[in-house]
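Q: Fold the following for me, if possible:
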Amino acid sequence: MRNPLSLAAALTLLSTGLPAVADEVYFDTVSTRKASRDHGRYFGAFGGGSSNAGAAFGDRLSGASLSEDGGWLLGLEFGYTFNTGWPVRPSLELEFMMMNNALDADGAGSLSLSSDLRAWTLMANASIALDLSDRRDHVGDFLASFHPYIGAGIGGAIVEHRNVSATDTDGRRVGLGDDSDITWAWQVFAGIEYAFTDEFSLYGEYKRLGLNEIGDGSITDTEFDIFTLGFKFQY
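A: Numbers count the residues shown, from 1 in each chain. Have a look, this model is predicted:
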């Protein structure tokens, strides 16, 4: 009788233990997969509006004041997010942007300037975001999905200064032709990203973009205020 009883006891232990083992393996797999999504490659796209924030003028435009004109822009970004084990998430990215903006100035001696500016920028950006997703149980899903961030970038720009004309105090308008430059560019930015899933997020962002030496050197250190909305997809 001992052998049948021992066999029955062993079968009972195995049948009751198997679900526990299966559950443990399942949850370990899920947590590992979720943790791996805290970092990795991503791409995104954005669009928005721009406005003139300031400029320094030289040559015949010395003493001019920049008017508060605006424009529009579109861009793409490709980057990589790093997992630090802390509630911060650093990222490195390449950003391509095309901006079209009016660029007018008043009070340059007896001249007023009217022109259009189109710029293509390629920037290398670094940013750091607050990421509380690992503390979701403590702060809740809503707060854990918000990721405020700050960053900065440096790169270059191809700038077309088009439809340039000057008007004197007598109302006479003189066309000054077009100009194209390759120049340095820089930017600082801050924004808030909201993650709808582990892969997809939307964000709103403010940038201060600076371009150096445009308009054949007559306009220097031009700066723009930029507001954008965009999305990112991590893969």
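Q: low-scoring stretches of this structure, by residue?
A: Scanning the chain for pLDDT under 70 picks out 1-38, 58-64, 107-111, 168-178, 215-218.
Q: which residue ranges form the strands in it?
A: Assigned strands in the chain, in chain order: 40-57, 65-66, 70-81, 88-102, 105-108, 111-130, 146-168, 173-195, 200-211, 219-234 (criterion: DSSP state E).
Q: in the fourth one, what's buried?
A: The neighbour-count criterion (16 or more other CB atoms under 10 Å) identifies 89, 90, 91, 93, 95, 97, 99, 101, 102 as the buried residues of strand 88-102. C-beta coordinates here come from the backbone N, C-alpha and C atoms, glycine included.
Q: Now render the strands of the chain as CSV, adding distance to residue 140.
A: Below are the strands of the chain laid out as CSV (distance: least, CB to CB, whole Å):
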stretch, distance to residue 140
strand 40-57, 25
strand 65-66, 46
strand 70-81, 22
strand 88-102, 19
strand 105-108, 51
strand 111-130, 15
strand 146-168, 11
strand 173-195, 14
strand 200-211, 17
strand 219-234, 22
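Q: just so I know, which of these lies nearest residue 139?
A: strand 146-168 (9.5 Å; CB to CB).
Q: what about the nearest residue to residue 113 once chain neighbours are set aside, how many residues close to it?
A: Leaving aside its sequence neighbours, residue 113 sits nearest to residue 105 (CB to CB, 6 or more residues apart in numbering; 4.2 Å). By other CB atoms under 10 Å, 24 other residues sit near residue 105.
Q: now residue 165
A: Other residues close to residue 165 by other CB under 10 Å number 14.
Q: Kindly tell me how buried the nearest residue to residue 152 once chain neighbours are set aside is, as a neighbour count.
A: Nearest residue to residue 152, sequence neighbours excluded (CB to CB, 6+ apart): residue 188, at 4.8 Å. Using other CB under 10 Å, the number of residues around residue 188 comes to 14.
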